[in-house]
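Colleague: this is the structure alone, sequence omitted:
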Ligand code: NDP
């Protein structure tokens with residue numbers, strides 16, 4: 001039997017509509033959430049991501065500002081730009097697109113972003129809060145998007161055995177921490193696998209919910225999945241395909257066609273986690289803005305409806 005499709009495209013569309021409604025209400029009170037993206041250099045993938053994020057921000061009514069700096073920008077200059085955005089009351093969310101060109105030290109830059117405006121959730125303070133189980137932290141967008149996708153598809157991780165393949169700071173590690181957290185979207189029993197894991201299949205076969213973020217094309221095969229499991233594929237890989245118009249095709253970290261015959265539900269690539277990542281960035285920006293306005297007394301009432309991910 002073929003697994004149900006968990007569509008990130010459709011779920012993200014619903015989430016973005018909820019965010020747009022929330023932004024419209026804020027605008028009705030004269031409050032406009034602002035997102036600034038900073039791109040250094042000309043990495044083609046980064047250029048595309050930044051453009052997509054800026055467009056998505058505009059579509060839900062956010063004020064979006066893009067700052068593009070040359071490849072040879074000095075670290076001190078970039079830190080100056082970040083400091084300017086930190087101080088700007090019209091900017092509520094700051095995203096520095098990674099990777100940054102060498103010799104800029106990424107940790108230095110990520111630490112310079114005001115934690116309250118850190119809509120990527122990469123600041124060590126926010127990572128620490130996430131590790132400590134803080135339910136209100138600005139969490140990294142990709143894993144937060146996976147949780148939202150699971151919940152909205154009716155696959156609450158609570159009480160389930162979730163296996164995460166990958167332990168990067170961007171996806172795997174925060175993914176595991178979110179699943180472990182007490183409260184909505186958490187309460188799973190969590191196992192984390194990585195490149196040193198012996199017999200990956202033996203571990204992944206234990207999963208009720210299997211989340212794969214290994215960055216290896218189709219590393220998870222049908223025999224590695226428990227029948228009836230829910231599979232979320234975070235991977236985005238280009239593989240050569242002379243038959244394809246562009247000479248390549250995009251595949252996930254899961255062998256979709258064969259795993260679909262074993263799993264109960266599976267997210268596709270593309271059209272799975274990718275659109276959720278961007279939607280969660282918009283969501284984080286609105287949350288960050290509301291917090292900043294509450295702190296300054298500009299937003300006094302709970303006049304906006306929280307999106308579902310904040311309801312407990
Ligand atoms: P990284 O390369 O930073 O991390 C990969 C992780 O997978 C590492 O922890 C690594 O282990 C582990 N790993 C690698 N090979 C294996 C293996 N054979 N078996 C078990 N574990 C393995 O990648 P990211 O976390 O940044 O991204 C993961 C994937 O998700 C990529 O395909 C990326 O393109 C995609 N992605 C998608 C996003 C989206 O919005 N859809 C956003 C971000 C990423 P170790 O730590 O030991 O090296």
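Modeller: Cool, the structure landed. Fair warning: this is a prediction, and the values are worked out from it, not measured in the lab. Residues are numbered from 1 along each chain as shown.
Colleague: what's near enough to touch the residue in the stretch 1-150 of the chain positioned nearest to the ligand?
Modeller: For the stretch 1-150 of the chain and the ligand, the shortest gap (C-beta to the nearest ligand atom) falls at residue 142, measuring 4.2 Å. The C-beta positions use only the backbone N, C-alpha and C, and glycine is treated the same way. Contact analysis of residue 142 by C-beta atoms under 8 Å, 6 or more residues apart in numbering lists 170, 171, 175, 213, 234, 273, 276, 277, 280.
Colleague: which among these gets closest to residue 154?
Modeller: Each of those was scored against residue 154 by C-beta to C-beta, and residue 276 proved nearest at 15.6 Å.
Colleague: including distance to residue 197 and secondary structure, could the contacts of residue 142 go into JSON lines?
Modeller: Shown next, in JSON lines, are the contacts of residue 142 (distance: C-beta to C-beta, whole Å; DSSP: H, G, I helix; E, B strand; the rest coil):
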{"residue": "170", "distance to residue 197": "19", "secondary structure": "coil"}
{"residue": "171", "distance to residue 197": "16", "secondary structure": "coil"}
{"residue": "175", "distance to residue 197": "15", "secondary structure": "helix"}
{"residue": "213", "distance to residue 197": "13", "secondary structure": "coil"}
{"residue": "234", "distance to residue 197": "17", "secondary structure": "coil"}
{"residue": "273", "distance to residue 197": "21", "secondary structure": "helix"}
{"residue": "276", "distance to residue 197": "26", "secondary structure": "helix"}
{"residue": "277", "distance to residue 197": "25", "secondary structure": "helix"}
{"residue": "280", "distance to residue 197": "27", "secondary structure": "helix"}
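Colleague: give me the subset of the residues you listed touching the ligand.
Modeller: 170, 171, 213, 234, 273, 277 (C-beta under 6 Å from any ligand atom).
Colleague: so which of those wins on neighbours?
Modeller: Most neighbours among those, by other C-beta atoms under 10 Å: residue 234, with 31 neighbours.
Colleague: can you give me the pLDDT of the nearest residue to that residue once chain neighbours are set aside?
Modeller: The shortest distance from residue 234 to any non-neighbouring residue, by C-beta to C-beta, 6 or more residues apart in numbering, is to residue 213 (3.9 Å). Looking at residue 213, its pLDDT reads 98.
Colleague: could you do residue 300 as well?
Modeller: Among the per-residue scores, residue 300 shows a pLDDT of 84.
Colleague: the ligand contacts on this structure?
Modeller: So the chain meets the ligand at 142, 165-168, 170-172, 193-197, 200, 213-216, 219, 234-237, 253, 273-274, 277 (C-beta under 6 Å from any ligand atom).
Colleague: list buried residues within those residues.
Modeller: Burial by neighbour count, 16 or more other C-beta atoms under 10 Å: within those this picks out 142, 165-168, 170-172, 193, 197, 200, 213-215, 219, 234-237, 253, 273-274, 277.
Colleague: what bridges to residue 237?
Modeller: Residue 237 has the following beta-bridge partners by DSSP bridges: residue 251.
Colleague: list the contacts of it.
Modeller: 215, 216, 217, 250, 251, 252, 253.
Colleague: before we move on, what about residue 100?
Modeller: The contact partners of residue 100, by C-beta under 8 Å, 6+ apart, come to 40, 41, 78, 106, 109.
Colleague: neighbour-wise, which one of the residues you listed leads?
Modeller: Most surrounded of the contacts of residue 100: other C-beta under 10 Å gives residue 40, at 25 neighbours.
Colleague: thought that one was touching residue 67?
Modeller: No: counting by C-beta atoms under 8 Å, residue 67 is not a contact partner of residue 40; they are 9.1 Å apart.
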